[in-house]
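J.: here's a sequence, model it:
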Amino acid sequence: MEGETSWVNHCFDDRKSYTRDFGSFSEVREEVNKEVATVSVDSILPNDLLERILAYLPIASILRAGSVCKRWHEIVSSKRFLWNNSHALSQKSWYFMFTSSDDPMGYAYDPIFRKWYSIELPCINTSNWFVTSSSGLVCFMDSDSRSELYVCNPITKWFKRLEEPPGLKFSDYSALAISVDRMTHHYTISIVKSKQVPGNFFQWDLSIHIYDSETMVWVTALTEAMTGWRAGDESVICDGVLYFLIYSTGSGMPENRHGLIMYNLSSRSSHCLLIRSFIPVPCPLTCGRLMNLKGKLVMVGGIGKHDRPDIIKGIGIWVLNGKEWQEVARMPHKFFQGFGEFDDVFASSGTDDLIYIQSYGAPHLLGFNMNLKQWKWSQKCPVVKRFPLQLFTGFCFEPRLEIAPFGGIDKFA
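T.: Okay, the predicted model is just below:
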């Protein structure tokens with residue numbers, strides 16, 4: 001795990017330094033210390049107890065601890081520590097914001113310390129690649145041939161390149177999703193491909209391809225022709241079910257421009273008609289972003305104007321209960337205005353109880369806590385907008401040390 005702590009040295013901390021005045025308590029301790037020999041706590045703690053203490057630190061603090069001394073580095077690098085750490089302190093998801101449309105450089109936001117860390121992602125070549133994440137692993141797919149796929153842990157830099165997926169070499173639209181089993185660390189990846197039938201704008205060929213890390217094999221689960229609808233680039237896996245948004249290619253009413261499709265990954269039926277699982281969206285949307293929050297399907301959507309559904313007037317958050325959408329929150333107008341000029345489409349992703357929303361036009365990041373129903377701006381990102389048409393995007397991921405892309409808990413280095 002050499003070099004894992006290097007990025008911590010480039011953090012941006014806007015908090016003012018301060019000192020505490022303990023008053024007479026410090027003075028008493030000083031008198032006692034004159035009579036008692038100095039003893040290092042580190043020297044008297046056995047490794048197993050020190051492991052337990054370090055395991056309750058946030059990820060950034062653990063990485064710093066690894067650079068304290070050789071003993072601490074060996075502890076935080078050990079397989080036993082990595083496994084124990086997964087059962088200790090729950091880490092809040094981080095958000096990675098790309099700084100360039102060409103290079104994969106950027107900053108990751110830590111909501112616990114409210115800091116930005118400079119991180120270089122492995123595998124990915126440009127920021128316009130497809131990105132999806134689950135339980136500490138991030139999956140990248142190139143946006144040109146869509147044949148290069150990698151799974152990596154962005155904290156440890158462990159990565160694995162997958163075999164080229166089957167199906168169409170060049171699809172018009174692709175939706176990528178990953179789901180990691182928290183117990184076994186095996187993962188499932190899905191790609192929904194959609195391509196227009198030549199000469200027929202209303203008919204689209206759709207296919208679903210599934211990768212299983214346990215068998216390390218791709219399977220084409222379903223192929224189907226859809227009329228009047230096409231898939232896009234938005235999908236997520238929740239509790240063994242693949243959800244993806246579809247978009248109208250016809251001249252339907254505004255409220256029918258978007259829809260949701262479900263596909264059961266457990267049964268993997270190759271004969272079902274996908275349109276039978278159609279779920280309408282709760283209101284006219286300019287765009288929709290799907291995410292898995294604690295096994296629940298959550299959608300963040302741009303709410304379109306009634307008379308101009310392609311013009312955004314606000315942002316809403318919904319949870320799917322059965323086949324009904326339940327509204328959780330709407331972004332207050334002061335936060336919506338805080339983004340400045342907000343595009344009709346935007347970036348949004350989340351895990352656990354935290355949702356991030358980012359405008360493509362500026363490096364502003366807003367978080368929403370599902371438990372507290374609280375909106376909160378992140379600390380200012382060190383990224384600076386250098387020209388008017390500069391675009392910003394990003395994704396969230398769970399910072400975890402113990403998980404690796406090699407297919408199971410018994411396979412990581």
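J.: check contacts around residue 81.
T.: Contact partners of residue 81, counting by Cβ atoms under 8 Å, 6 or more residues apart in numbering, are 51, 54-55, 75. C-beta coordinates here come from the backbone N, C-alpha and C atoms, glycine included.
J.: any idea how far it is from residue 160?
T.: Distance of residue 81 to residue 160, given as Cβ to Cβ, to the nearest Å: 22 Å.
J.: farthest-apart pair in the contacts of residue 81, please.
T.: 55 and 75 (9.5 Å; Cβ to Cβ).
J.: lowest-confidence helix or strand of the protein?
T.: Sorting the helices and strands of the chain by mean pLDDT, DSSP states H and E puts helix 24-35 at the bottom, at a mean of 38.
J.: now, which of the contacts of residue 81 sits nearest residue 171?
T.: Nearest to residue 171 among the contacts of residue 81, counting by Cβ to Cβ, is residue 55 at 43.8 Å.
J.: how about low-confidence regions in the stretch 301-413 of the chain?
T.: For the stretch 301-413 of the chain, the stretches with pLDDT under 70 are 407-413.
J.: which stretches of it form strands?
T.: 312-321, 324-330, 347-351, 354-358, 365-369, 374-377, 394-397 (DSSP state E, counting those that start in this stretch).
J.: could you do the stretch 151-300 of the chain as well?
T.: Assigned strands in the stretch 151-300 of the chain, in chain order: 159-161, 173-180, 187-197, 200-212, 217-227, 229-238, 241-248, 258-264, 279-280, 285-293, 296-304 (criterion: DSSP E, counting those that start in this stretch).
J.: now tabulate those in CSV and tack on distance to residue 103 and mean neighbour count.
T.: Formatted as CSV, the strands of the stretch 151-300 of the chain follow (distance: least, Cβ to Cβ, whole Å; neighbours: other Cβ atoms under 10 Å):
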stretch, distance to residue 103, mean neighbour count
strand 159-161, 18, 17
strand 173-180, 21, 23
strand 187-197, 25, 22
strand 200-212, 28, 19
strand 217-227, 30, 15
strand 229-238, 22, 22
strand 241-248, 29, 21
strand 258-264, 33, 20
strand 279-280, 39, 14
strand 285-293, 24, 22
strand 296-304, 27, 22
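J.: to residue 372, which of those lies closest?
T.: Evaluated over the strands of the stretch 151-300 of the chain, closeness to residue 372 peaks at strand 285-293, with 13.7 Å, by Cβ to Cβ.
J.: okay, the angle between that closest one and strand 354-358?
T.: Orientation check (axes from the mean of the first three to the mean of the last three Cα atoms, to 10 degrees): strand 285-293 against strand 354-358 gives 150 degrees.
J.: quick one: strand 285-293 to strand 173-180, angle?
T.: Angle, strand 285-293 to strand 173-180, by the same axes, to 10 degrees: 20 degrees.
J.: and the average pLDDT for strand 285-293 is what?
T.: Average pLDDT, strand 285-293: 96.
J.: got a list of contacts for that strand?
T.: The contact list for strand 285-293, computed with Cβ under 8 Å, 6+ apart, reads 134, 179, 234-238, 243-245, 257-258, 281, 297-304, 309-312, 319, 344-353, 355, 370.
J.: tilt between that strand and strand 229-238?
T.: Comparing the axes of strand 285-293 and strand 229-238 via the same axes, to 10 degrees yields an angle of 20 degrees.
J.: so what strands line up beside strand 285-293?
T.: Sheet pairing for strand 285-293, assigned by DSSP bridges, gives strand 296-304 (antiparallel).
J.: can you tell me what sits against the partner strand?
T.: Contact with strand 296-304 is made by 236, 238, 243, 254, 260, 281-292, 310-320, 325, 328, 330, 344-346, 348, 350, 355, 357, 370, as judged by Cβ under 8 Å, 6+ apart.
J.: give me the distance between residue 228 and residue 379.
T.: 45 Å.
J.: check residue 194 too.
T.: The spacing between residue 194 and residue 379, counted by Cβ to Cβ, is 39 Å.
J.: swap in residue 153?
T.: 25 Å.
J.: who does the residue nearest to residue 277 when sequence neighbours are not counted bridge with?
T.: Closest residue to residue 277 apart from its sequence neighbours, by Cβ to Cβ, 6 or more residues apart in numbering: residue 262 at 4.2 Å. When bridges are called by DSSP bridges, residue 262 pairs up with residue 243.
J.: tell me the pLDDT of residue 262.
T.: Reading off the model, residue 262 has pLDDT 96.
J.: you'd agree it is up against residue 241?
T.: Yes. Residue 262 is within contact range of residue 241, at 5.6 Å (criterion: Cβ atoms under 8 Å).
J.: re the thing from before, now the strands of the stretch 301-413 of the chain as a markdown table including mean neighbour count and distance to residue 167?
T.: Output for the strands of the stretch 301-413 of the chain, formatted as a markdown table (neighbours: other Cβ atoms under 10 Å; distance: least, Cβ to Cβ, whole Å):
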| stretch | mean neighbour count | distance to residue 167 |
| --- | --- | --- |
| strand 312-321 | 19 | 27 |
| strand 324-330 | 14 | 31 |
| strand 347-351 | 23 | 25 |
| strand 354-358 | 24 | 31 |
| strand 365-369 | 21 | 35 |
| strand 374-377 | 13 | 40 |
| strand 394-397 | 25 | 24 |
